[in-house]
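# starting from these lines, generate the structure:
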Amino acid sequence: KGEGHVEGEKVENPDTGLYYDEYLRQVIDVLETDKHFREKLQTADIEEIKSGKLSRELDLVSHHVRTRLDELKRQEVARLRMLIKAKMDSVQDTGIDHQALLKQFEHLNHQNPDTFEPKDLDMLIKAVSVRYE
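Take a look at the predicted model:
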């Protein structure tokens, strides 16, 4: 009674069931550390988020936030490559195309594995949106 949300308190969200759930959560957590982006996120409606309008705000976040997002993306690309390699090893050199396998991971721009750009945020939002439509 009388208890509300405490500033800085972590709210546990249920697992989304997405194979990139951890990556999604980490991206959101990092973005929310930027005051400007957090305010935009809180005032944006679902259509602004889905349309990519919110993704353009990524250009305005701090350098520290961008650096952390770049790091998260490189970790996710490494994780996906490890999964692909494990799948290929289990199938034994059947001529599987790495690029074709990477294309099935539509939650990030695999053509730019080093930096997190507005396109990455847009792709992540769209991948989650498609899952829940």
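# can you tell me the centre-most residue of this structure?
Nearest to the mean C-alpha position of the chain, counting by CA atoms, centre = their mean, stands residue 24 at 4.1 Å.
# distance of it relative to residue 108?
Plainly put, residue 24 is 10 Å away from residue 108 if you go by CB to CB, to the nearest Å. All C-beta atoms are positioned from the backbone trio N, CA, C, and that covers glycine.
# next secondary structure element downstream of the helix or strand of the chain with the lowest mean pLDDT?
Sorting the helices and strands of the chain by mean pLDDT, DSSP states H and E puts helix 98-103 at the bottom, at a mean of 60. Using DSSP states H and E, the helix or strand that follows helix 98-103 towards the C-terminus is helix 118-131.
# using CSV, write down the CA coordinates of that following helix.
Extracted C-alpha coordinates of helix 118-131, given in CSV (Å, rounded to 0.1, in the frame of the first residue of the first chain):
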residue,chain,number,x,y,z
PRO,A,118,19.6,3.6,-36.4
LYS,A,119,19.0,0.8,-38.9
ASP,A,120,19.9,-1.8,-36.2
LEU,A,121,17.4,-0.3,-33.8
ASP,A,122,14.8,-0.1,-36.5
MET,A,123,15.4,-3.8,-37.4
LEU,A,124,15.2,-4.8,-33.8
ILE,A,125,11.9,-3.0,-33.3
LYS,A,126,10.4,-4.4,-36.5
ALA,A,127,11.5,-8.0,-35.6
VAL,A,128,9.9,-7.7,-32.2
SER,A,129,6.8,-6.1,-33.7
VAL,A,130,6.3,-8.8,-36.3
ARG,A,131,6.6,-11.4,-33.5
